[in-house]
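Undergrad: Can you look at this prediction? I've put the sequence above it.
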Amino acid sequence: MAAGSWIRRMFEEGTVLKQRYGEENVFDLSLGNPIVEPPVEFKQELKRLAEHPLPGMHRYMVNAGYPETRTAVAAGLSLETGIKFTMNDIVMTCGAAAALNVVLKTILNQGDEVIIFAPYFVEYRYYIDNHGGVAKVLPTDEQFIPRLDTLETAIGTKTKALIINSPNNPTGVVYSEDFLHRLGELLHKKETQYGTQIFLISDEAYRKIIYDGLKYPSVWHHHPQSIIGTSHSKDLALPGERIGYIAVHPDCSQREELVNGLIFCNRTLGYVNAPALMQHIVRHLQQVTVSVAEYQKKRDFLYDHLIAMGYSVVKPMGAFYMFPKSPLEDDVAFVMELQQWKVLTVPGSGFGTPGYFRISYCVDDRTLEGCLAGFKKVARKFNLR
Ligand SMILES: Cc1ncc(COP(=O)(O)O)c(C=O)c1O
């Protein structure tokens, strides 16, 4: 609990600062809780269901979720990727967090290794531990792309899976098609060498929040043992509603047994099924997304200002986070320094990568504008310019 509580700690310290100085004088960039409201289409569907309820719409259902919803998700994925998905490849879940837990519960035996790349979404370590796995943390390069040479030596007979996350929390980096191709080739080589299967688990919670007209490079064309876990927490701004899904590559070996395992674990982990009301709604919203342009505007505003002040930042291509280099070697001390100016961020140590800090820019414009003075003061203090 102590190791995994950085974001929580920032949240609590922020609460104290807000009580002391007033909400409007504290600039909280610590949480990944989108401030935008769900798209208008969401409210229309919600209203339509309230006014014209479907018979039995609040009852139990099959544990994988409504066939109509899974069919809609499969159709959306087929359109996006050119690969033919059917409802049998889809399991609806209580968000991406449940999706990842269900996948890990299904595939892991005690002591199996799961490779993750630092900086990582901090919960991965706990999710892997939940199901008897052992997290093996590997580094990324200066652009936060996993190093394939290190990966090659790290994969062994106990490697059951890798978790990748693109667009990435906390860096905002999107992995290229070329990178995924090389990753797929490496996994194939290692599977052949050891006679094993290595699952590529792709956490796509931010898949639809990508910038500059980029087309999303997906894992599907590069590794048949791929499984994605995702949600509508960010793309429809519904994190409190807990709706997401798992999709399995149609060419995955033992696909039917795997999907049956996922459905069983969705039930026995106690999720039972994804929320019924949300499933009824999102099946009509597979082509709908919050305004990505709005997030891109926020990224441009903050990135341009931080660069002008002398901060070193890899420009995010998606999600709504930035992961600048900490001007001090001690990232925790630096984050405390920013706190003196009432700017709240999270130290990179919380993501397994000391020497950096995370900014979450899914905040209102007042917060973005207000934080600049603090960043500027600290930049001057440490002679960035
Ligand atoms: C990388 C990543 N994966 C998974 C999740 C969990 O998403 P959900 O709310 O859909 O469970 C988050 C939430 O912030 C995230 O940042």
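TA: Everything's here; your move.
Undergrad: need the strands for the stretch 1-150 of the chain, in chain order.
TA: Assigned by DSSP state E, counting those that start in this stretch, the stretch 1-150 of the chain shows strands spanning 27-28, 90-93, 113-117, 134-138.
Undergrad: So which of those strands is nearest the ligand?
TA: Among these, strand 90-93 comes nearest to the ligand, with 8.4 Å by CB to the nearest ligand atom. C-beta: built from backbone N, CA, C; applies to glycine.
Undergrad: First-to-last residue distance for stretch 308-326?
TA: End-to-end distance of stretch 308-326: 16 Å, with CA to CA, to the nearest Å as the criterion.
Undergrad: now swap in stretch 106-113 and tell me
TA: 14 Å.
Undergrad: What residues sit buried inside it?
TA: Across stretch 106-113, burial judged by 16 or more other CB atoms under 10 Å covers Thr106, Ile107, Leu108, Asp112, Glu113.
Undergrad: The ligand contacts on the stretch 101-250 of the chain?
TA: Contacts of the stretch 101-250 of the chain with the ligand, taken as CB under 6 Å from any ligand atom, map to Phe121, Asn165, Asn169, Asp203, Ala205, Ser231, Ser233, Pro239, Gly244.
Undergrad: among those, which are in strands?
TA: Among those, the members found in strands (DSSP state E) are Asn165, Asp203, Ser231, Gly244.
Undergrad: Highest neighbour count among these?
TA: Compared across these, Ser231 has the highest neighbour count, 29 neighbours, by other CB atoms under 10 Å.
Undergrad: Skipping adjacent residues, who's closest to the residue of the stretch 201-350 of the chain at minimum distance from the ligand in space?
TA: Nearest residue of the stretch 201-350 of the chain to the ligand, counting by CB to the nearest ligand atom: Ser231, 3.0 Å away. Computed as CB to CB, 6 or more residues apart in numbering, the closest residue to Ser231 that is not its neighbour in sequence is Gly244, at 2.8 Å.
Undergrad: On the strand side of things, show who the one you found bridges to.
TA: Gly244 has these beta-bridge partners by DSSP bridges: Thr93, Ser231.
Undergrad: And the pLDDT at it?
TA: Looking at Gly244, its pLDDT is 98.
Undergrad: how close does it sit to Ala96?
TA: Going from Gly244 to Ala96 by CB to CB, to the nearest Å gives 5 Å.
Undergrad: what touches both of the two?
TA: Ala205, Gly229, Thr230, Ser231, Ser233 (CB atoms under 8 Å, 6 or more residues apart in numbering).
Undergrad: what's the most distant pair in those?
TA: Within the shared contacts of Gly244 and Ala96, Gly229 and Ser233 form the most distant pair, 11.6 Å apart (CB to CB).
Undergrad: what's the overlap in contacts for those two?
TA: Ala96, Ala205, Gly244.
Undergrad: For the stretch 151-300 of the chain, which segments are assigned as strands?
TA: Taking DSSP E, counting those that start in this stretch as the test, the strands found in the stretch 151-300 of the chain are 159-165, 199-203, 226-231, 244-248.
Undergrad: Quick check: neighbours of the second one in the sheet, parallel or antiparallel?
TA: So that's strand 199-203. Note on strand 199-203: by DSSP bridges, its sheet partners are strand 159-165 (parallel), strand 226-231 (parallel).
Undergrad: Just the CA coordinates for it, please, in PDB.
TA: The C-alpha trace of strand 199-203 is given here as PDB (Å, rounded to 0.1, in the frame of the first residue of the first chain):
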ATOM      1  CA  PHE A 199       0.300 -13.400 -24.900                       C
ATOM      2  CA  LEU A 200       0.600  -9.800 -25.900                       C
ATOM      3  CA  ILE A 201      -1.900  -8.000 -23.700                       C
ATOM      4  CA  SER A 202      -2.600  -4.500 -25.100                       C
ATOM      5  CA  ASP A 203      -4.100  -2.000 -22.600                       C
END
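Undergrad: you'd agree Phe357 is in a strand?
TA: Yes: with DSSP: H, G, I helix; E, B strand; the rest coil as the criterion, Phe357 is part of a strand.
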